[in-house]
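1. only geometry, no sequence info:
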C-alpha cells in the first residue's frame, strides 16, 4: 500500500501561505491521475492541486483553512484504484448527458448579468484572501470598512 503526500505548491517567491478555496473531491473519493482535487487562493493567484497518481484521497485541510506552502493537504492511497468502465458505456453516458444538458438549457431561465461597474459583479462583497486575513486579524467585517477604489 503506497501513500502519496500532496503538498501545497508555491504560487510565487514571496508567498508563504494560501487558503483552501474549494475542494472539488470529497474525503474518501477515488480519483484518477491528474484529476483536479482542490483550488487554493493566494494573494496573487488561484491554483489547482491535481492528483499525482490514481487512488483514494484523504483530505487533511478544510475549505477556508490557511495552510503553509509545502504543507501536506491531501494523501492518496494508490492501493485503491478507480473502477474502469467499458468504453461503450462511457460513450452512451456522454450522449445521455449531452441530451439532458440541452433539455435543461432550453428550460432554464437565465437572469441578465449585472454590470460590474455598479458594485454588483461576481466579487462584490467578497474580500481578497489578503484583505480577509487582515480583517480577521483586526476583528472587522467588510461592511465596517469604507471602499476606496473605483466604483
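-> Done, it's in. Computed from a prediction, not measured in an experiment: that's the story for all the values here.
2. the residue lying closest to residue 53 once chain neighbours are set aside: how many residues sit nearby?
-> Ranked by C-beta to C-beta, 6 or more residues apart in numbering and with sequence neighbours excluded, the top spatial neighbour of residue 53 is residue 78, at 5.0 Å. The way it works is simple: take the backbone N, C-alpha and C, and place the C-beta from them, glycine included. By the criterion of other C-beta atoms under 10 Å, residue 78 has 16 neighbours.
3. how close does residue 78 sit to residue 32?
-> Distance of residue 78 to residue 32, computed by C-beta to C-beta, to the nearest Å: 12 Å.
4. what do you get for residue 73?
-> 19 Å.
5. of the two, which one has the most company?
-> Neighbours per residue, other C-beta under 10 Å: of residue 73 and residue 32, the larger number sits with residue 73, 22 against 12.
6. skip the chain neighbours and tell me the closest residue to that one.
-> residue 61 (4.6 Å).
7. who touches the one you found in this structure?
-> For residue 61, the contacting residues are 20, 67, 71, 73, 74, by C-beta atoms under 8 Å, 6 or more residues apart in numbering.
8. let's go with 6 Å and repeat that
-> Going by C-beta atoms under 6 Å, 6 or more residues apart in numbering, residue 61 touches 20, 67, 73.
9. got it, and residue 142?
-> residue 127.
10. which pLDDT value goes with it?
-> Note for residue 142: predicted pLDDT of 75.
11. where does residue 49 fall, phi/psi-wise?
-> Residue 49 has phi and psi values of phi -110, psi 120 when expressed as degrees, to the nearest 10.
12. hmm, it is touching residue 38, no?
-> Yes - assessed by C-beta atoms under 6 Å, residue 49 is found in contact with residue 38 at 5.2 Å.
13. would you state the helices of this structure in chain order?
-> Using DSSP state H, the helices of the chain run over 87-107, 129-138.
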